[in-house]
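A.B. asks: I need the structure of the sequence given here:
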Amino acid sequence: MKRLTLFFVALFFCDALLAQLPDFNTYMISGPTSVSFKANKPRNKAKAKTEVPPWIIPGGWKSYLFVDGSDTYIWSSRTPLTVNRTINFKKEGVGPYNVSKSYIHSSYYDSARLIDNWKRTYHAIYSAALIDHPAEGLVSLGFLHGENKNLVSGNIKDPKAKRYPNTIQSNAPINPADHNSWSGGSPYQEGWNAYNGIISAAWEPNNKITNWGQQFFEHELGPIVWPATGYITKQGVKCTSGLRHPSSIVFNGYVYVFYVEGGAFGNNIPDEEGCSEGIKVARAPVSEALNPYSFQVYYKGRDGLESWKRSLPEGFTKESMLNYVAVKGAKATDIMNDYKKVLQEIRFSVAKVRNTNYFIGVEEYIDIADRNKVKVGLRFSSDLVHWSDCVFTVATSNSWDNMHINYPIFLSKDGWSNTEIDIDDFYITGTDAGVKNSVNKIHFQGSGTGALPFASAVRMQTLSEQNVVFPNPTKGIFKLAYVVDTISSVEINMYNLLGQQLQTVHGEKMPGKYFEEFDLSGYPEGVYLVAVKVGKRYRVYKVVKG
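C.D. replies: Have a look, this model is predicted:
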């Protein structure tokens, strides 16, 4: 009787928290369609091209951040990216205004000066947040993907070709005979053996004096997160490719930044818990977000305890960065629960679903387990940290070059926001490979019917019942998949809708992924419920026999 009472308490608990999430299989999904950009002046044509989908800083007009393959420019227009035509910035916009620039492109670049090492060869704003800072007022806060790598501009066989050696891996020089040692060439190839990605931040007041933030982001914080592995060992061995591709969102008094951590590079160093590759998240209170030391990374230890730890090493400054390249940052947990050599994440972006208590995330990743196909998928969360499994695959391509939604982000139906959408009408925008004068988008329109249950206050490991109970519907035998994070007592009970207990599994489990088999062959067709208790966590799943 105690067990039955426990079941109904758990069932009532879940029912009381049910919200409705969309079943994207019921949606009208169109695309990809394109919007292109035109700038009449020859010197501005290259600045009307972008490598990643333009992030929007809202204001009187929409200010679009264009990444030209190294630096960032703002174009502003009344025209939303939801149109399917060419936007002529001369006729319906203003700009461009340069807002970020790599060190090698700066007027003060000197090959002998080891400065600005977080932005040496690439320094571009991939996302931005408009925040109301208690001291500075309205501020445009940009989050930048930076690179410090061996770069060759032009034909490497040409003695006049410009060579920019990295300053982090001094023992990895440019070798003309080994393209893995340098980035460049035609077609362009990334030389990962001497590549170091860095996430930094910069800001500018957003007011009338600064033309509403449309000028150079001169207030640079430098790096705000640091690789858990460090960049190199004390002996100079490469540890990681670094940190890449930030996206951001402001919620509940915090600025959250999602980024890719490269993890252990090849077989150079052991793959270590808390230092692995994947999607990581950092956050800072809005009131302190202009202080680089306020950013903390999320970490879940082996004991299951969750915490936020300051990422930057003690004593670190952007000016002294090269003194810390062999110092480890704080351990950080991959919030996607990916497995090495199964998936390789490229980017993850998030939006709040308007008038709900949940978030939606879009990720691009290489599915190593599926012949290295490039995929774009959707996930859900109630707290920005614990995410469901991928519930819907938006796009699949055999290669990066053929994927038209690279570096995906969200766009609201009115074209004003990347971080707040209506779930029944929104876009995902992305780019073709390379730096192009166009952006592609996929339009999602819901009918208001078809939904999946979601216990919004319960930390999720998975959302789609097909990913937990399979096959479902079943003709008799089905399996339940579940994850144990720490040593825990596990109790699984199957009930009919009268509350009668039909089958049970219980015992203590070590951390890992488990499968339990159940048999409904001797029971009539209909709906059954499986109540799962792992430690103190409850979940109830519906199984259909038919």
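A.B. asks: and the helix or strand where residue 243 lies, how far from the chain's centre?
C.D. replies: Using DSSP states H and E, residue 243 sits in strand 243-251. The chain centre lies 7 Å from the centre of strand 243-251; the measure is CA atoms, centre = their mean, to the nearest Å.
A.B. asks: Distance-wise, check the residue nearest to residue 242 when sequence neighbours are not counted relative to residue 440.
C.D. replies: Nearest residue to residue 242, sequence neighbours excluded (CB to CB, 6 or more residues apart in numbering): residue 197, at 3.4 Å. (Glycine included, C-beta is placed from N, CA and C.) From residue 197 across to residue 440, the span is 24 Å (CB to CB, to the nearest Å).
A.B. asks: Okay, strands next: where are they in the stretch 151-300 of the chain?
C.D. replies: For the stretch 151-300 of the chain, applying DSSP state E, counting those that start in this stretch gives strands covering 151-153, 162-164, 183-184, 197-205, 219-223, 243-251, 254-261, 278-285, 296-300.
A.B. asks: other SSEs contacting the first one?
C.D. replies: I take that to be strand 151-153. Contact here means 3 or more CB pairs under 8 Å, 6 or more residues apart in numbering; DSSP states H and E; on that basis strand 151-153 packs against strand 162-164, strand 183-184.
A.B. asks: before we move on, what about the shortest one?
C.D. replies: Using 3+ CB pairs under 8 Å, 6+ apart as the contact test, the elements touching strand 183-184 are strand 151-153.
A.B. asks: Also the second one?
C.D. replies: Contacts defined by 3+ CB pairs under 8 Å, 6+ apart place strand 162-164 against strand 151-153.
A.B. asks: mind listing what's buried in the strand it packs on?
C.D. replies: Buried residues in strand 151-153, defined by neighbour count with 16 or more other CB atoms under 10 Å: 151, 152.
A.B. asks: Each with direction, which strands does that strand pair with?
C.D. replies: When pairing is defined by DSSP bridges, strand 151-153 lines up against strand 162-164 (antiparallel), strand 183-184 (parallel).
A.B. asks: Between the strands of the stretch 151-300 of the chain, which one is closest to residue 377.
C.D. replies: strand 278-285 (12.2 Å; CB to CB).
A.B. asks: tally of neighbours for residue 47?
C.D. replies: 23 (other CB atoms under 10 Å).
A.B. asks: ugh, typo on my part, it should be residue 383
C.D. replies: Neighbourhood size, residue 383 [other CB under 10 Å]: 15.
A.B. asks: same check, this time on residue 226
C.D. replies: By the measure other CB under 10 Å, the count of residues near residue 226 is 28.
A.B. asks: for the one 4 residues further on, same thing?
C.D. replies: A count of neighbours around residue 230, defined by other CB under 10 Å, yields 19.
A.B. asks: For the residue nearest to residue 121 when sequence neighbours are not counted, which residues are in contact?
C.D. replies: Once flanking residues are discounted, residue 121 sits nearest to residue 151: 4.6 Å by CB to CB, 6+ apart. When contacts are counted by CB atoms under 8 Å, 6 or more residues apart in numbering, residue 151 touches 104, 121, 163, 164, 166, 182, 183, 184.
A.B. asks: Let's verify the residue most central in space within the chain: helix, strand, or coil?
C.D. replies: Residue closest to the average C-alpha location in the chain (CA atoms, centre = their mean): residue 348, at 1.9 Å. Put simply, residue 348 is strand when judged by DSSP: H, G, I helix; E, B strand; the rest coil.
A.B. asks: ok, it - contacts?
C.D. replies: Contacts of residue 348 by CB under 8 Å, 6+ apart are 247, 258, 260, 279, 336, 361, 362, 363, 364.
A.B. asks: The closest residue to the fifth one other than its chain neighbours - how many residues pack around it?
C.D. replies: What sits nearest to residue 336 in space, not counting adjacent residues and going by CB to CB, 6+ apart, is residue 279, at 4.7 Å. Taking other CB under 10 Å as the neighbour definition, residue 279 ends up with a count of 27.
A.B. asks: can you check residue 314 too?
C.D. replies: By other CB under 10 Å, 8 other residues sit near residue 314.
A.B. asks: A strand includes it, no?
C.D. replies: No. Applying three-state DSSP, one finds residue 314 to be coil, outside a strand.
A.B. asks: thinking again about what came up before, would you confirm that the residue nearest to residue 336 contacts residue 257?
C.D. replies: No. With contact defined as CB atoms under 8 Å, residue 279 does not reach residue 257; the gap is 11.1 Å.
A.B. asks: Could you name every residue contacting both of these two?
C.D. replies: With CB under 8 Å, 6+ apart, residue 279 and residue 257 have no common neighbours.
A.B. asks: Name the residues of stretch 44-57 that are buried.
C.D. replies: Buried residues in stretch 44-57 (16+ other CB under 10 Å): 44, 47, 48, 49, 50, 51, 52, 53, 54, 55, 56, 57.
A.B. asks: how far does that stretch sit from the chain's center?
C.D. replies: 20 Å.
A.B. asks: Repeat that for stretch 171-189.
C.D. replies: That offset, for stretch 171-189, works out to 28 Å (CA atoms, centre = their mean).
A.B. asks: mind listing what the nearest residue to residue 535 once chain neighbours are set aside touches?
C.D. replies: Closest residue to residue 535 apart from its sequence neighbours, by CB to CB, 6+ apart: residue 488 at 4.0 Å. Contact partners of residue 488, counting by CB under 8 Å, 6+ apart, are 508, 509, 534, 535.
A.B. asks: Next: residue 402.
C.D. replies: residue 374.
A.B. asks: In which helix or strand does it reside?
C.D. replies: Going by DSSP H and E, residue 402 is not in any helix or strand.
A.B. asks: what's the distance between it and residue 433?
C.D. replies: Residue 402 is 8 Å from residue 433, by CB to CB.
A.B. asks: Residue 405 now?
C.D. replies: Residue 405 is 11 Å from residue 433, by CB to CB.
A.B. asks: The two: which is more packed in?
C.D. replies: The residue with more neighbours, out of residue 405 and residue 433, is residue 405; 26 against 15, by other CB under 10 Å.
A.B. asks: my read: that one touches residue 393, true?
C.D. replies: No. Using CB under 8 Å, residue 405 is not in contact with residue 393, being 11.5 Å away.
A.B. asks: pLDDT weak spots in the stretch 1-150 of the chain?
C.D. replies: Residue ranges of the stretch 1-150 of the chain with pLDDT under 70: 1-20.
A.B. asks: please redo it, this time with the cut-off set to 50
C.D. replies: For the stretch 1-150 of the chain, the stretches with pLDDT under 50 are 1-19.
A.B. asks: What ranges does it have for its strands?
C.D. replies: Using DSSP E, counting those that start in this stretch, strands in the stretch 1-150 of the chain cover 18-22, 28-38, 55-57, 62-67, 72-77, 86-88, 94-100, 122-133, 137-147.
A.B. asks: export those strands to CSV and tack on distance to residue 317?
C.D. replies: As requested, the strands of the stretch 1-150 of the chain are arranged in CSV below (distance: least, CB to CB, whole Å):
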stretch, distance to residue 317
strand 18-22, 44
strand 28-38, 38
strand 55-57, 27
strand 62-67, 26
strand 72-77, 24
strand 86-88, 41
strand 94-100, 20
strand 122-133, 18
strand 137-147, 16
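A.B. asks: Just tell me which of the ones you listed ends up closest to residue 493.
C.D. replies: strand 18-22 (20.0 Å).
A.B. asks: Next one: residue 152 from residue 243, what distance?
C.D. replies: For residue 152 relative to residue 243 (CB to CB), the value is 23 Å.
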